[in-house]
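**Student:** Build me a model:
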Amino acid sequence: MTTTAAPAERGTDAPPAPRRILRVRLITALVIVTALAGAGGAAFHRVFTLGDLVPVVTVAAVSPVLLVALLSWPRRRTWPLWISVLVTVVAWTLVAALTLFHGDFTVVGGALRDSLKGTLTSLLPAPGRPELLVLPHALVWLAAFAGAELSLRTRMKATPALPAVAVFCVALLLGVHGPGSNLPVAAGLVGLVGALMIVRSGGRPLWLLAGVPAAAAIGLLAATVGPYLPIKSDAYDPRTTVKAPPPQQRDSISPLDRVSAWLQTPDQQMFIVHADAPEDWRIAVLDRFDGVTWTSGARFVPAGNRIPDGVTVGRTRVVQRFTIQDLPGVWVPAADRPRTIEGLAVAADPGSGVLATAEPLHSGQAYTVTSMVPDYDPGRLAAAQPARDAEAQAATALPETPGTTAKTAEVPPFRRLAQQVTKDQDTAFGRAAKLADYLRRVAKYDVSGLPGHTYAQLRYFLGSSKRGTSEQFATAYAVMARSLGLPTRIVVGFRPGVGGNGAWQVRSGDVLVWPEVDFAGLGWVPFFPTPEQAGASGKSASVPAGETQQKLEAAQKSAAAARKKNTGSGQKGPSKPKTPTRRPHKTSSTPPWLYGLAAVPALPAVYLLGVLIVPVLRRRRRRGGATPAERITGAWAQTREELGAVGLPAETALTAHEVAGFGAQRISGAESHLRPLADLVNRSQYAATPPGPDTAEAAWRHTDEISRLVRRTVGPLRRLIRRLHPGSLRLR
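**Tutor:** Below is the predicted model of the structure:
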């Protein structure tokens, strides 16, 4: 059984529109449906980069519409729906396999099944891999196919746009917290929906062309009003409901365990950096300590060329070009904090920004990283308080080793030493800076020092040898800082290297370990407890770090010395600590006039919506009267309203036949409908027997034809002006 194409949207006795007009109208509708599907898919630009997304969306939006048109165009009647569905499924599989998977048909189904979870567990923008891009490809294809079929099989004006709007909603949900904005896409969708409704409402091609400016105005109005809409800022993120894959073991050997070996062969060439400024190059962040080993709790997830930014302070842009020489492992060097990476496929930890590859690095690999290096304000540093979120709480843990008792507890000795060192400091930042200053003063850098960072080795380092590498200085600092309640982690990286003029050679002897402390509102702030290298065993020609780090070190040294300068040499014990000054909590209350000001741009949209909807509702109410007499009266009221476009006053004392004569003089061909309609109106009001339903239907058929003749007589511009007139909002 076949399904017939939708008939013209007029009364059953109305002559059909010319075939040429119907063909133009259908082609135009299919073109708009293609654009709608493409616009819905364009909303995925917050999930994938445009370079990866545009070819996929273009193919998926155009192909099914062409397929539906080819299936239906040569025939007077459309194919059964099940045939169209079967053909489009086969066509999608073929196109997806050829364009995305290079002809491998066996992986299409599995990729589509896993694409949603893969997208939700990737950093935004997600990598442009075929197994992820297959999701927008399938959704846009389905929207284009459904929209084209609805255009051929239904008469409802806006229905073919619904699949594209659904794709837009899915993309909106998946792109929460992604880069960019979907407001222009939403405005484009609104304009295209308006254009589709205008095209499918009927009329001659010239009238359809006149609707293009109206559709463009609707889209522009949506783009203007969108930023002022009271939308909840904290959007729902589906990624919170998807369990990410467990952290992978990125490297069998921790970078911290390589430090001592690298320092024994200090001239091994690790990588070359061409950068805007010298920085410390990070490779790994270790935030878990079990009393024996520091490990990473990073949640590495696939990343595209952009890395999420968690820095909340001022930043300086630094572009780096790395060339790998002899750096082992999977950890990817970069300045803190990387924002984009080109030339290397990486996974990233959203919390720390650390980068890693799936396979070990090899000589000759090159990539470019753009980092936003934090630039800390000394005033904010001095007043900073330790962070108290869940991540920070985890970074204060200091477990006891198994089998310890109260007499052999490991942590209390470190706590007593840290409290003694920082007793003259009354701020968190001052205590953190004083610990770094203490270690720089009491211990010496020595590459021949014993490696390791267990509790026992750190006690030996602090109490006996007082010699070690940055491994011992950083880990000792971290344990002491955690014992004071300061959230601390360890970073392994390299000094800037040897060279200058924008190019630096980084060697194994430039390896450096440093701690970071998490402060509320500032994030992780690095500290440098390792003293300057000195002596033949520790000589380094590495250039100093950039200006930003030098300012940070100066602020830390100033904070560490501040209380000491104010404490007399003969004073015993710390003075009474002062209560830290806290900024008063400010409550923001929005003045009422601001809401009124924000509502001003929305008034044109409300007015435009009213003039578009109210006449439709008024006509529907008139046509759906409770009795045939009311429906005939409604048909006459609708006719008088239509005749207003040719000069009939809204309020007039003319009889029904006088109104019919007025209209017949101004509208060619209308007399054959106006005279019978006037007779029906007079009989319904004055005849002894009430009219029947057939009479009411006949009256509305005359009214529909009169409306068509009026539209043909009155130009599109005049009808648009009349429609936008405030008089079209009257309820009676």
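**Student:** switch to C-alpha atoms for all contacts and neighbour counts from now on
**Tutor:** Noted.
**Student:** Assign S352 to helix, strand or coil.
**Tutor:** Secondary structure for S352, judged by DSSP: H, G, I helix; E, B strand; the rest coil, is coil.
**Student:** Do I have it right that it meets V285?
**Tutor:** Yes. Taking contacts as Cα atoms under 8 Å, S352 lies within contact range of V285: 7.1 Å.
**Student:** Give me the more crowded residue out of those two.
**Tutor:** V285 (26 against 20; other Cα atoms under 10 Å).
**Student:** Tell me the bridge partners for the closest residue to the more buried one other than its chain neighbours.
**Tutor:** Once flanking residues are discounted, V285 sits nearest to V491: 4.5 Å by Cα to Cα, 6 or more residues apart in numbering. Beta bridges link V491 to V285, W514, judged by DSSP bridges.
**Student:** number of nearby residues for V491?
**Tutor:** For V491, using other Cα under 10 Å, the count is 23.
**Student:** How about the contacts made by it?
**Tutor:** Going by Cα atoms under 8 Å, 6 or more residues apart in numbering, V491 touches R282, I283, A284, V285, L286, V513, W514, P515, E516.
**Student:** what does P338 give?
**Tutor:** By Cα under 8 Å, 6+ apart, the neighbours of P338 are I307, D309, G353, V369, T370, S371, M372.
**Student:** Try it again at 6 Å.
**Tutor:** Taking Cα atoms under 6 Å, 6 or more residues apart in numbering, we find P338 in contact with T370, S371.
**Student:** Including distance to R380, could the contacts of V491 go into TSV?
**Tutor:** Compiled in TSV, the contacts of V491 are given as follows (distance: Cα to Cα, whole Å):
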residue	distance to R380
R282	24
I283	28
A284	27
V285	24
L286	26
V513	25
W514	22
P515	20
E516	16
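**Student:** Adding pLDDT and distance to L152, write those out as CSV.
**Tutor:** CSV is the format used below for the contacts of V491 (pLDDT from 0 to 100; distance: Cα to Cα, whole Å):
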residue, pLDDT, distance to L152
R282, 93, 59
I283, 92, 58
A284, 91, 58
V285, 92, 59
L286, 92, 61
V513, 94, 68
W514, 94, 67
P515, 95, 66
E516, 94, 64
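**Student:** on that earlier part again, check what pLDDT the residue nearest to V285 gets.
**Tutor:** Predicted confidence (pLDDT) for V491: 95.
**Student:** next one: S260
**Tutor:** 89.
**Student:** Same question for the one 5 residues further on.
**Tutor:** For T265, the model assigns a pLDDT of 89.
**Student:** for P55, same thing?
**Tutor:** On pLDDT, P55 comes in at 90.
**Student:** Which phi and psi values does it adopt?
**Tutor:** Here is the backbone geometry of P55 (degrees, to the nearest 10): phi -60, psi -40.
**Student:** if I look at it, how far off is L174?
**Tutor:** 20 Å (Cα to Cα, to the nearest Å).
**Student:** swap in A409?
**Tutor:** 49 Å.
**Student:** Same check on K423?
**Tutor:** Applying Cα to Cα, the value for K423 to L174 is 51 Å.
**Student:** Comparing these two, which shows the higher neighbour count?
**Tutor:** The neighbour count for K423 versus L174, taken as other Cα under 10 Å, is higher for L174 (22 against 17).
**Student:** what's the distance between that one and I83?
**Tutor:** In this view, L174 and I83 are 32 Å apart by Cα to Cα.
**Student:** Next: L53.
**Tutor:** Using Cα to Cα, L53 is found at 30 Å from I83.
**Student:** what's the answer for L152, then?
**Tutor:** 15 Å.
**Student:** which of those two has more neighbours?
**Tutor:** More crowded of L152 and I83, by other Cα under 10 Å: L152, with 22 against 10.
**Student:** my guess is that one is in a helix, correct?
**Tutor:** Yes. Per three-state DSSP, L152 lies within a helix segment.
**Student:** So for it, what's the pLDDT?
**Tutor:** So L152 comes in at 83 (pLDDT).
**Student:** same thing with P16?
**Tutor:** You'll see P16 listed with a pLDDT of 47.
**Student:** for L486, same thing?
**Tutor:** 94.
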